[in-house]
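Enquirer: With the sequence up front, the predicted model follows.
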Amino acid sequence: MKKRLVSLLLTLALCLGLTVPALAAGPYTDVPVVSAGAAQPDPTPVQTQTETAEAAQHQYSYIALGDSIVAGIGLPDAVYQRNGRYYDVSGNYQGYSKDCYVARVAEGLDLSRDQTANYGMPALMSGDLLELVRTGSCQSASINFSLPDLRQELKHAQVITVEIGANDVLVPIMYGIASAMGGPQVFEALLPMLEGDFRQMDASSFAALRESLDSLNITAQQRKALLQLLSSGVADICAQSQASTLANLEALLQELKALNPDAQIVLVGYYNPVPLLPAPANPFAKHFRTPNRSVQKLAQQYDVAFASAAYTLVANDAHPTACGHKYLARQILKALEK
């Protein structure tokens, strides 16, 4: 029984690298099973002080919105640092990795860094991004981002790419694990993985992670709660998150279209974060395949482009490799040409 539990935790350790260690400092109680934050119907856009200004401080031709995949987390030259319980990626907005897909798309569009903004934010969920676009900020137990000029910047952008939704599943599951395990002890075991130490995991580092997980003193009650979460609980979270993610994406497209009806918008699809794990041990394989059809239909409905991410090459922390980012850039540029 314990071997099965450790194997499942290893699977989750690989997947949950997407949520970054900022979550490890968050609270472990009173966390909803699904917290993607479904959009409310017919919201009234918030008029910020920035929108009353004549123009934003910067005008970007290309703005990339999304989570840690957009930010290029895991690439050696991505710019981010721990700031208390949160991560500061402000230096990455224009100092992003030369190998991330944002840099490669900008290059393909013949745009400089001064014309490009990488607003990839670790642990961001679709509801968070919607709030960020509407109000210029978003904050929760695991994130704290502020872009007061964002709405004005979006009005002037020629190209906007959106990659968001993976954390709608992974964040609730991560909090669920913490709650089932009593909090910090499981994160102490998984933290090296979450921080990307095992991005290029070899046999010895994998064995060290397994030994760390084996050392967890799991009670019978915790084991029962965790196994329930990792079986039916994961499936429930995946099913529920799809509806809320699509609702948030639709509301986000409405916001972007209202702000800038002339911009070329690209929705980036999803990939399986751990493709080398066999399907029986990989609860996320189906989830990250199924929503692509719905997102593609949504893109068609709102007359925006869709870029498939199905064959993205990923590292052990579930983030794209440099080759994976190159593939994503090609997919986006191809979508823009249609």
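Expert: Nice, thanks for sending it over.

Enquirer: Longest helix in the chain, by number of residues?
Expert: If you go by DSSP state H, the chain has its longest helix at helix 234-259.

Enquirer: Let me know the next secondary structure element after that helix.
Expert: strand 264-268 (DSSP states H and E).

Enquirer: Could you write out the alpha-carbon coordinates of that following strand in CSV?
Expert: What follows is strand 264-268, C-alpha atoms only, in CSV (Å, rounded to 0.1, in the frame of the first residue of the first chain):
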residue,chain,number,x,y,z
GLN,A,264,-4.5,39.2,-33.3
ILE,A,265,-5.2,36.9,-30.4
VAL,A,266,-3.9,33.3,-30.1
LEU,A,267,-5.1,30.8,-27.5
VAL,A,268,-2.4,28.2,-26.8
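
Enquirer: Can you classify A117 by secondary structure?
Expert: When classified by DSSP: H, G, I helix; E, B strand; the rest coil, A117 comes out as strand.

Enquirer: Just give the number of residues close to it.
Expert: Neighbour count for A117, taken as other C-beta atoms under 10 Å: 27. C-beta: built from backbone N, CA, C; applies to glycine.

Enquirer: circling back to that earlier point, buried residues in the longest helix of the chain, which are they?
Expert: Residues of helix 234-259 classed as buried: 234, 237-238, 240-242, 244-249, 251-256, 259 (neighbour count, 16 or more other C-beta atoms under 10 Å).

Enquirer: With stretch 82-95 instead?
Expert: 86-87, 89, 92-94.

Enquirer: can I get these in TSV with secondary structure and distance to A299?
Expert: What follows is those, written out as TSV (DSSP: H, G, I helix; E, B strand; the rest coil; distance: C-beta to C-beta, whole Å):
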residue	secondary structure	distance to A299
Y86	strand	32
Y87	strand	30
V89	coil	27
N92	helix	27
Y93	helix	26
Q94	helix	27
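
Enquirer: And the strands in the chain, which stretches?
Expert: Here the chain has its strands, by DSSP state E, at 62-66, 81-83, 86-88, 116-120, 137-139, 144-146, 159-163, 264-268, 305-307.

Enquirer: which residues are in contact with the fourth one?
Expert: Where contact means C-beta atoms under 8 Å, 6 or more residues apart in numbering, the residues beyond strand 116-120 that reach it are 58, 60-73, 89, 92-94, 96, 100, 102-103, 106, 147, 150, 153, 163.

Enquirer: Show me which of those are buried.
Expert: Using 16+ other C-beta under 10 Å as the burial test, the contacts of strand 116-120 include 60-73, 89, 92-94, 96, 100, 102-103, 106, 147, 150, 153, 163 as buried.

Enquirer: By mean pLDDT, show me the worst of the strands of the chain.
Expert: Mean pLDDT is lowest for strand 81-83 out of the strands of the chain, coming in at a mean of 76.

Enquirer: which helices and strands sit right next to that strand?
Expert: strand 86-88 (3 or more C-beta pairs under 8 Å, 6 or more residues apart in numbering; DSSP states H and E).

Enquirer: Which strands border the strand it packs on, and is each parallel or antiparallel?
Expert: Here strand 86-88 is paired, per DSSP bridges, with strand 81-83 (antiparallel).

Enquirer: Where does pLDDT dip in the stretch 201-338 of the chain?
Expert: For the stretch 201-338 of the chain, applying pLDDT under 70 flags the ranges 201-202, 205-206, 208-210, 212-216, 230-232, 275-287.

Enquirer: Show me the helices in it, by range?
Expert: Listed in chain order, the helices of the stretch 201-338 of the chain (DSSP state H, counting those that start in this stretch) span 203-214, 220-228, 234-259, 291-301, 322-337.

Enquirer: And for the stretch 51-200 of the chain?
Expert: Counting by DSSP H, counting those that start in this stretch, one finds helices in the stretch 51-200 of the chain at the ranges 68-71, 92-95, 101-108, 126-135, 150-156, 166-181, 184-194.

Enquirer: quick one: buried residues of stretch 144-156?
Expert: So, applying 16+ other C-beta under 10 Å, buried residues of stretch 144-156: 144-145, 147-156.

Enquirer: I'd like those as CSV, with distance to V268 appended.
Expert: Formatted as CSV, those follow (distance: C-beta to C-beta, whole Å):
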residue, distance to V268
N144, 24
F145, 19
L147, 19
P148, 25
D149, 23
L150, 19
R151, 21
Q152, 24
E153, 19
L154, 17
K155, 22
H156, 21
